[in-house]
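>>> With the input below, show me the fold.
(one chain, ligands or ions: 1)
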Amino acid sequence: MISIDLNKRQEQILQIVKDKGPITGEQIADLLNLTRATLRPDLAILTMSGYLDARPRVGYFYSGKSGNRLLSERVRKLKVKDYKAPPVIVQENLSVYEAIVTLFLEDVGTLYVTNRDRQLAGVISRKDLLRATIGNKNLEDVPVGVIMTRMPNIITVEPEDTLFEAANKLIEYQIDSLPVVIPVDGKKNAYEVVGRFTKTTITRAFVEMGKEDSI
Ligand code: ADP
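From the prediction side, this is the model:
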């Protein structure tokens with residue numbers, strides 16, 4: 001966890017360690033006219049958040065990382081698997097009409113389509129459905145398989161990918177959602193769908209990080 005906003009005493013400790021490190025907790029306490037026990041929580045915060053490194057019998061030394069650098073390191077460690085939402089999966093023969101109803105009932109913007117082997121076959125977005133409704137009266141007769149974006153043109157992410165890589169794909173390909181998939185062994189373009197990754201996922205992660213104050 002990161003404390004970007006250090007308190008005054010933590011700033012003082014950081015400065016002392018920058019100037020004099022490696023330095024023991026005892027020595028820092030002496031310089032600040034405080035007891036070692038009083039300093040312990042501050043030292044814990046500074047080491048846990050990565051500002052300081054501590055080595056037994058050597059003492060504390062400055063890690064040389066700025067708050068921004070620590071934050072970007074932290075962001076790059078967040079994994080898709082820890083933030084993904086459940087996928088909403090439909091079959092190719094579902095009608096456009098039923099797909100629209102599903103979108104409302106499930107409160108999502110994108111549906112994922114799987115084939116008989118339960119592997120990813122397509123993606124249907126809001127605009128795909130809107131496009132299909134223009135000039136088309138028989139929405140119950142048109143299967144989503146006809147209007148969906150198909151494999152192998154689907155951009156996906158895997159659970160172990162970082163949130164950062166996934167967010168980059170959303171921007172790069174100008175799409176709202178990425179199926180989270182696990183490749184099926186030995187088969188090209190065969191994926192099991194295990195989650196949904198959307199712009200909301202990123203927003204949620206952002207809000208959660210903002211809430212994490214100091215430890
Ligand atoms: P919206 O339709 O609300 O603008 P998107 O921007 O996600 O939503 O979709 C734009 C187009 O990109 C649609 O035709 C959709 O089928 C397609 N699309 C959506 N997600 C993906 C994806 N992960 N991979 C490939 N194409 C996608």
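
>>> Name the next helix or strand downstream of the least confident helix or strand in the chain by mean pLDDT, please.
Taking mean pLDDT, DSSP states H and E as the measure, the helix or strand of the chain with the lowest value is helix 67-77, at a mean of 74. Once helix 67-77 ends, the next helix or strand along the chain (criterion: DSSP states H and E) is strand 89-91.

>>> Identify the residue nearest the geometric centre of this structure.
L163 (3.2 Å; C-alpha atoms, centre = their mean).

>>> For that one, which non-adjacent residue is closest in space?
Leaving aside its chain neighbours, L163 sits nearest to L78 (4.1 Å; criterion: C-beta to C-beta, 6 or more residues apart in numbering). The C-beta positions use only the backbone N, C-alpha and C, and glycine is treated the same way.

>>> Would you quantify the distance from the one you found to the ligand?
20 Å (C-beta to the nearest ligand atom, to the nearest Å).

>>> Over to R131?
From R131 to the ligand the distance is 8 Å (C-beta to the nearest ligand atom).

>>> returning to what we had before: let me see the residues that make contact with the least confident helix or strand of the chain.
For helix 67-77, the surrounding residues in contact (C-beta atoms under 8 Å, 6 or more residues apart in numbering) are 2, 4, 49-51, 65, 162-164, 209.
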